[in-house]
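In: only geometry, no sequence info:
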């Protein structure tokens, strides 16, 4: 699709790598037909992996180590294995324990020993996000995603995948998460998952999903020499760190750092993409950064589209690029929180 014969390196994010085999990025590169003499490596920065891969690509190119890099992320949450920690040394007397690799490696706050969903409740308490507000946000995410699907907004950013099944080949050419049949009535009936009388439910949290996304990064001059028209220009990027239990607010200082680096403010931003790990988190980030409703996740987000953790950083970036192109937007920001109390952010221009 990029119209290139080859690249200098491949960088891919992936989080739940147990059982995938050596260096999943290398497997993806060879599987995609990239020549074997092109090196590749896999990174794990939890939910920020896909965007961090793009940052690393940018740094390598600016440092003169490469000219063209394919970068992104991938995750098969449905294929995550269960783990038997004592199996190597042998089970003896008493019961054994099977550990869910997806939850343990991807969805568990190791520092506080609780599920990431609890952090969705913590952010709701701190920023006074009500259950009604979270459900309303979730409903809008589905509605915007459905509208985007029905009007073909996602077509250009999606490459159809053909899957061989016992009944024959199946083509997957759109996200399966958005629900046209959901409603506020349906969402309000769902019970809180992580706290009695809490806010976070299965309906206003991001979905467990499989997915992959990637971009090609190069200097603008290189693109011009190759006769390519860039989708966007990377202006700057930033990371941040907060207390692990406050992870859902980490995009706030990250975006503020990005604004400080670029001399911009929210008034200079035309489109804003935030990974909807939980509706409560998006509501808090939108409120604290004073992001106008009309520029925030204009085609829906992870509540509707899903959150394949190693992929999401790249997916959010790709969605932002195509939304900017579709709306003739000049400047956009993509940001994600990630387990452990970090966040990653990037500013683009067209």
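Out: Yep, that arrived. Computed from a prediction, not measured in an experiment: that's the story for all the values here. Numbers count the residues shown, from 1 in each chain.

In: so residue 11 makes contact with residue 25?
Out: Yes. Residue 11 lies in contact with residue 25 (Cβ atoms under 8 Å); the separation is 6.6 Å. For glycine as for every other residue, the C-beta is placed from the backbone atoms N, C-alpha and C.

In: what segments of the stretch 151-300 of the chain are strands?
Out: With strands called from DSSP state E, counting those that start in this stretch, the stretch 151-300 of the chain shows them at 161-165, 168-172, 210-218, 233-241, 271-274.

In: out of these, the one nearest residue 87 is which?
Out: strand 210-218 (26.4 Å; Cβ to Cβ).

In: direction included, what does the closest one pair up with?
Out: strand 68-76 (antiparallel) (DSSP bridges).

In: before we move on, the earlier item: joint contacts of residue 11 and residue 25?
Out: With Cβ atoms under 8 Å, 6 or more residues apart in numbering applied, the overlap between the contact sets of residue 11 and residue 25 consists of 40-41.

In: average pLDDT across stretch 182-189?
Out: Mean pLDDT, stretch 182-189: 97.

In: to clarify, my last question referred to stretch 225-243.
Out: Mean predicted confidence for stretch 225-243 is 96.

In: any buried residues in it, and which?
Out: 230-232, 234-240, 242 (16 or more other Cβ atoms under 10 Å).

In: quick check: the closest residue in space to residue 36 that isn't next to it in sequence vs residue 23, distance?
Out: Nearest residue to residue 36, sequence neighbours excluded (Cβ to Cβ, 6 or more residues apart in numbering): residue 30, at 6.5 Å. Going from residue 30 to residue 23 by Cβ to Cβ, to the nearest Å gives 10 Å.

In: residue 11 and residue 25: which has the busier surroundings?
Out: Remark: of residue 11 and residue 25, residue 11 carries more neighbours, 28 against 24, as counted by other Cβ atoms under 10 Å.

In: show me what contacts that one?
Out: 25, 40-41, 43, 53, 56-57, 69-72.

In: which one (most neighbours) among those?
Out: That'd be residue 53 among the contacts of residue 11, by other Cβ under 10 Å, with 32 neighbours.

In: that residue is in what secondary structure piece?
Out: helix 49-62 (DSSP states H and E).

In: returning to that earlier point: out of the strands of the stretch 151-300 of the chain, flag the one nearest residue 194.
Out: strand 271-274 (20.7 Å).

In: against which helices or strands is the closest one packed?
Out: For strand 271-274, the packing partners by 3 or more Cβ pairs under 8 Å, 6 or more residues apart in numbering; DSSP states H and E come out as helix 279-289, helix 312-327, strand 331-338.

In: at 10 Å instead, please
Out: Packed against strand 271-274 by the contact rule (3 or more Cβ pairs under 10 Å, 6 or more residues apart in numbering; DSSP states H and E) you find helix 251-262, helix 279-289, helix 312-327, strand 331-338, strand 342-349.

In: okay, these in TSV with mean pLDDT next?
Out: Shown next, in TSV, are the helices and strands packed on strand 271-274 (pLDDT from 0 to 100):
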stretch	mean pLDDT
helix 251-262	99
helix 279-289	99
helix 312-327	98
strand 331-338	99
strand 342-349	99
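
In: on that earlier part again, list the residues that contact both of residue 30 and residue 23?
Out: Residues touching both residue 30 and residue 23 (Cβ atoms under 10 Å, 6 or more residues apart in numbering) are residue 40.

In: quick check: residue 337 touching residue 47?
Out: Yes. Counting by Cβ atoms under 10 Å, residue 337 touches residue 47, with 6.6 Å between them.

In: first to last residue in stretch 293-301, what's the distance?
Out: 13 Å (Cα to Cα, to the nearest Å).

In: repeat that for stretch 244-252.
Out: 14 Å.

In: between residue 337 and residue 47, what contacts are shared?
Out: Joint contacts of residue 337 and residue 47 (Cβ under 10 Å, 6+ apart) are 116, 247, 275, 277, 343-344.

In: now the residues you listed in a markdown table, with neighbour count and distance to residue 329?
Out: As requested, those are arranged in a markdown table below (neighbours: other Cβ atoms under 10 Å; distance: Cβ to Cβ, whole Å):
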| residue | neighbour count | distance to residue 329 |
| --- | --- | --- |
| 116 | 26 | 31 |
| 247 | 28 | 28 |
| 275 | 32 | 19 |
| 277 | 29 | 24 |
| 343 | 29 | 22 |
| 344 | 30 | 21 |
